[in-house]
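Novice: Okay, structure incoming, though there's no sequence with it:
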């Protein structure tokens with residue numbers, strides 16, 4: 001990704017009227033009262049260029065970038081760190097590149113997380129394995145207590161970012177139709193107003209910032225699949241660590257190898273099974289996971305660390321990611337089912353164009369022009385995978401006749417090899433509209449010529 005600091009410079013704060021800079025009103029959510037002063041019980045806070053509410057991947061990576069651009073940033077989170085949070089854990093190619101660009105990747109790997117250079121996919125009783133990407137590509141499955149803490153540390157040490165844990169945002173402050181700060185309650189119980197030229201909500205899937213500003217929702221689809229996951233020790237590993245996904249009996253099983261003797265096992269299932277699952281989550285999880293191909297033996301000596309984590313499902317939606325004085329990052333701005341495992345990568349890669357847009361605006365560029373351009377960039381990049389994820393998550397098991405064709409094409413190694421000669425032409429011309437662009441993009445990623453329908457390549461004739 002290109003360096004994101006190449007933008008027009010200036011100072012948007014001086015463009016605000018004196019009343020905006022001097023009046024700070026509001027208690028509990030957005031304040032529209034228009035009164036004077038800081039509001040009852042609140043002290044005048046410190047002025048920052050950017051206040052970021054939420055210090056997980058989205059907030060911490062954005063803070064690091066803005067801090068390195070020379071902006072005064074305050075990063076706050078209600079949690080203590082290190083700590084875990086609900087997550088898919090997997091970081092693929094784009095996320096790995098983003099971590100490298102942020103200067104965090106080497107430290108993350110030094111903690112011991114294993115490189116995942118292969119992807120293994122089970123479709124019922126058929127197994128497929130492929131590289132994780134082009135040569136030298138790999139993924140990681142980091143615990144969030146390690147990843148988030150590293151990003152925060154880098155933001156503080158390399159970005160000069162101020163950080164406050166155990167700090168709750170209780171509402172936003174508005175003056176002259178623009179967000180100009182937020183009310184925070186710290187670990188000491190004191191409530192104070194912190195003024196900022198921009199307030200960023202990076203506060204996750206249930207974002208209070210998005211709620212307070214009434215951010216517009218679009219492309220919204222209700223939650224589709226419940227899921228449970230846990231961290232296991234003693235799970236028998238493969239000889240070479242690989243991301244494993246298993247599509248069996250209308251369930252999706254996941255194996256995310258983390259550090260040695262540490263694996264995240266996850267299971268997505270159908271909504272109608274959720275209530276039965278909740279009666280005894282661990283016993284149900286182990287019984288169902290053990291019926292996935294090859295998993296019973298590998299689970300035999302496994303033990304769960306802590307308890308299973310679960311959710312009835314994750315809603316799917318875009319939020320308009322900005323308005324007067326505010327912006328949204330990560331899950332607060334864009335959220336989808338975790339089945340395709342791109343959430344962390346999405347949060348990391350969004351940080352770069354958002355930091356560029358905020359930097360341009362903070363240095364005097366037009367707010368609406370820069371942030372609208374960011375929204376267009378974000379949506380153009382993420383909508384294809386968003387819609388693909390919705391299609392993939394709603395998909396039920398293939399009918400028996402489809403499985404028969406799949407088995408026919410793969411059960412004989414020689415047939416499988418010869419099918420490959422016809423495969424490029426079939427995939428390029430015979431897939432439905434929602435799937436063809438994704439396959440074409442991945443083929444280009446792996447070196448296939450772009451926008452060219454490949455001819456059928458016949459095997460050499462017999463002599």
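Specialist: Here it is on my side, so go on. Remember, it's a predicted structure, so these values are computed and weren't measured experimentally.

Novice: In this structure, where's the longest strand?
Specialist: In the chain, assigned by DSSP state E, the strand with the most residues is strand 191-201.

Novice: Give the buried residues for the following helix or strand past that strand.
Specialist: With elements assigned by DSSP states H and E, the helix or strand that comes after strand 191-201 is helix 208-212. In terms of neighbour count (16 or more other CB atoms under 10 Å), helix 208-212 has its buried residues at 208, 209, 210, 212. Bear in mind the C-beta positions are built from the backbone N, C-alpha and C, glycine included.

Novice: Quickly list the domain ranges of the chain.
Specialist: Each domain of the chain is listed here as a residue range: 13-85+144-220+316-388, 114-140+225-311, 412-463, per automatic domain parsing.

Novice: Using neighbour counts, pick out the buried residues of stretch 422-431.
Specialist: Applying a neighbour-count criterion of 16+ other CB under 10 Å, one finds 424, 427, 428 buried in stretch 422-431.

Novice: Stretch 241-254 too?
Specialist: Using 16+ other CB under 10 Å as the burial criterion, the residues of stretch 241-254 that qualify are 241, 242, 243, 244, 245, 246, 247, 248, 251, 252, 253, 254.

Novice: now stretch 158-168
Specialist: Neighbour-count burial for stretch 158-168 flags 159, 161, 162, 163, 165, 167 (criterion: 16+ other CB under 10 Å).

Novice: Among those residues, name the ones in helices.
Specialist: Members of the buried residues of stretch 158-168 lying in helices (criterion: DSSP state H): residue 159.

Novice: Skip ahead from the top helix by length along the chain and say which helix or strand is next.
Specialist: Longest helix in the chain, counting residues (DSSP H): helix 367-394. The first helix or strand that comes after helix 367-394 along the chain, using DSSP H and E, is helix 400-410.

Novice: related to what we said a few turns ago, turn the buried residues of stretch 422-431 into JSON lines, including secondary structure, pLDDT and distance to residue 411.
Specialist: Below are the buried residues of stretch 422-431 laid out as JSON lines (DSSP: H, G, I helix; E, B strand; the rest coil; pLDDT from 0 to 100; distance: CB to CB, whole Å):
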{"residue": "424", "secondary structure": "helix", "pLDDT": "83", "distance to residue 411": "22"}
{"residue": "427", "secondary structure": "helix", "pLDDT": "83", "distance to residue 411": "20"}
{"residue": "428", "secondary structure": "helix", "pLDDT": "80", "distance to residue 411": "25"}
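
Novice: Make CSV out of the residues you listed and add distance to residue 322.
Specialist: As requested, the buried residues of stretch 422-431 are exported to CSV (distance: CB to CB, whole Å):
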residue, distance to residue 322
424, 42
427, 38
428, 38
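
Novice: Which one of those residues is nearest to residue 297?
Specialist: Residue 297 has its nearest neighbour among the buried residues of stretch 422-431 in residue 427, at 34.7 Å by CB to CB.

Novice: For the closest one, list the residues it contacts.
Specialist: Applying CB atoms under 8 Å, 6 or more residues apart in numbering, one finds that residue 427 lies in contact with 436, 439, 443.

Novice: sec struct for the second one, please.
Specialist: Yep, that's residue 439 we're talking about. Per DSSP: H, G, I helix; E, B strand; the rest coil, the secondary structure class of residue 439 is helix.

Novice: Any idea how many residues pack against it?
Specialist: By the measure other CB atoms under 10 Å, the count of residues near residue 439 is 13.

Novice: So it versus residue 127, what's the distance?
Specialist: For residue 439, the distance to residue 127 (CB to CB, to the nearest Å) stands at 20 Å.

Novice: Tell me where the stretch 201-350 of the chain has helices.
Specialist: 208-212, 274-279, 281-290, 295-299, 343-362 (DSSP state H, counting those that start in this stretch).

Novice: Export the ones you listed to CSV and append columns for mean pLDDT and distance to residue 305.
Specialist: Shown next, in CSV, are the helices of the stretch 201-350 of the chain (pLDDT from 0 to 100; distance: least, CB to CB, whole Å):
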stretch, mean pLDDT, distance to residue 305
helix 208-212, 98, 30
helix 274-279, 92, 20
helix 281-290, 97, 12
helix 295-299, 97, 14
helix 343-362, 97, 20
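
Novice: Which stretch among those is buried most, on average?
Specialist: When those are scored by mean count of other CB atoms under 10 Å, the highest mean neighbour count falls to helix 343-362 (a mean of 25).

Novice: what helices or strands is that helix leaning on?
Specialist: With contacts defined as 3 or more CB pairs under 8 Å, 6 or more residues apart in numbering; DSSP states H and E, the packing partners of helix 343-362 are strand 47-53, helix 57-68, helix 93-102, strand 191-201, helix 367-394.

Novice: What are the contacting residues of the first one?
Specialist: Going back to what we said before, that points to strand 47-53. When contacts are taken as CB under 8 Å, 6+ apart, the neighbours of strand 47-53 outside the stretch itself are 13, 59, 62-63, 66, 71-77, 162, 169, 181-182, 194-203, 208-209, 329, 358, 362.
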